[in-house]
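Chemist: The sequence and its predicted three-dimensional model are supplied below.
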Amino acid sequence: MVSLEQYDVVILGTGPAGLQAAIHAARKKVSVLVLGKEIKSSLFHAHIENYYSVFNMSGAQMLATGREQAASFGARFLEDDVLRITFTDGKFGITSESGRAIRAVSLIIATGTSRKRLNAPGEKEFLSKGVSYCVDCDGNFFRGETVAVIGNESAAADGALTLLGTAAEVHLVCDKLQVSDALREKIENSDIIVHEGADVNAIRGEKAVDKLEFTDGTIITVSGVFIELGAKGVMELATSLGIQLDADMKYIDTDKKQHTNISGAFAAGDVCGPPWQMAKAVGEGCVAGIEAAAYAKKNR
């Protein structure tokens, strides 16, 4: 028989939102478990230069420091994924993929979002070496260089327009541009080079990205490739609990204190929607951690 592990607060996700929540919850002297695999955090492959007081630090280093800090306050960690969650008699039951059974008074969902992949040769190999899934996060690293944005919808179009402010040349690669008339007009009246109907064959380079190759043999020289196909939220577990999503059914809907519509369930970070910035994730994680700890103390 599997023994039941009990915690006041269980946090799903080991990124900046989850770790900040763990720090603040653990400091409130409640038992805290952080559940998830660190390597799945989008921050793990990033470099940080736009966070308060941080000039340049790898995401992996920042995650390691945050994890150490949370552990110093008593938070525990389990490198595992969630299989299912139930909500019975006011408590959360979590089953991990390895079979661990966990009971929690309050739950924080901070799993982040996984970016949709292009699945082109070179995409995985050049991640953080010219390939990125976030213009807002990494665009400034390509100041004065030539970049390409791949995607059909508003995320790609907005990203391309944003990059115009820093990059020397911006290419927008899409099968068919599916955006509003107003956004299309902005693209058409800009200096963005649009490759509509193009199909990416491969991302090329040696130590870093230097070319983008289309299936028709066309090659453009670029230093950065931004894949903006949208984000896939980890929403199945949330909706199975009856947690309400936003109007577009993409992200978890919360109030200003990160409460969801389910008592004791909170959310923070990218699962709550853009902007995709660490500062936002950390702020929401702080609030969620404080609120979840207070809830747990009242409802143990």
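Modeler: Okay, I see it.

Chemist: ok, now which ones touch Thr218?
Modeler: Applying CB atoms under 8 Å, 6 or more residues apart in numbering to Thr218 gives the contacts 195, 198. Quick note: C-beta positions are derived from backbone N, CA and C, even for glycine.

Chemist: how far away is it from Gly18?
Modeler: 42 Å (CB to CB, to the nearest Å).

Chemist: Could you do Gly283 as well?
Modeler: Taking CB to CB as the measure, Gly283 and Gly18 are separated by 13 Å.

Chemist: Counting neighbours, go ahead and name the busier of those two.
Modeler: A side-by-side neighbour count of Gly283 and Gly18, using other CB atoms under 10 Å, places Gly18 first with 33 against 17.

Chemist: Who are the contact partners of the more buried one?
Modeler: Residues counted as contacts of Gly18 (CB under 8 Å, 6+ apart) are 11-12, 34, 36, 108, 110-111, 268-269, 285.

Chemist: Please produce a markdown table containing those, extended by distance to Thr86 and neighbour count.
Modeler: Listed next are the contacts of Gly18 as a markdown table, based on distance: CB to CB, whole Å; neighbours: other CB atoms under 10 Å:
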| residue | distance to Thr86 | neighbour count |
| --- | --- | --- |
| Ile11 | 17 | 35 |
| Leu12 | 14 | 26 |
| Val34 | 20 | 28 |
| Gly36 | 19 | 23 |
| Ile108 | 17 | 33 |
| Ala110 | 19 | 32 |
| Thr111 | 17 | 30 |
| Ala268 | 21 | 34 |
| Gly269 | 23 | 33 |
| Gly285 | 24 | 31 |
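
Chemist: Among those, which one sits closest to Asp255?
Modeler: Closest approach to Asp255 among the contacts of Gly18 (CB to CB): Ala268, at 12.2 Å.

Chemist: Isn't the closest one up against Ala292?
Modeler: No: Ala268 lies out of contact with Ala292 (CB atoms under 8 Å); the separation is 9.5 Å.

Chemist: Now for the closest residue to Glu49 other than its chain neighbours, how many residues are close by?
Modeler: Among residues not flanking Glu49 along the chain, Asn56 sits closest, at 5.1 Å (CB to CB, 6 or more residues apart in numbering). By other CB under 10 Å, 7 other residues sit near Asn56.

Chemist: what's the distance between Asn56 and Cys134?
Modeler: 17 Å.

Chemist: what's the answer for Lys250, then?
Modeler: Here the distance between Lys250 and Cys134 works out to 16 Å (CB to CB).

Chemist: So these two - more neighbours on which side?
Modeler: Comparing Lys250 with Cys134 by neighbour count (other CB under 10 Å), the higher total belongs to Cys134, at 21 against 16.

Chemist: can you give me the helices in this structure?
Modeler: In the chain, the helices defined using DSSP state H lie at 16-27, 59-72, 135-138, 154-163, 181-188, 236-240, 278-299.

Chemist: Let me have those in JSON lines, extended by mean pLDDT and distance to Gly99.
Modeler: JSON lines is the format used below for the helices of the chain (pLDDT from 0 to 100; distance: least, CB to CB, whole Å):
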{"stretch": "helix 16-27", "mean pLDDT": "98", "distance to Gly99": "22"}
{"stretch": "helix 59-72", "mean pLDDT": "92", "distance to Gly99": "24"}
{"stretch": "helix 135-138", "mean pLDDT": "82", "distance to Gly99": "35"}
{"stretch": "helix 154-163", "mean pLDDT": "89", "distance to Gly99": "38"}
{"stretch": "helix 181-188", "mean pLDDT": "90", "distance to Gly99": "48"}
{"stretch": "helix 236-240", "mean pLDDT": "74", "distance to Gly99": "17"}
{"stretch": "helix 278-299", "mean pLDDT": "98", "distance to Gly99": "25"}
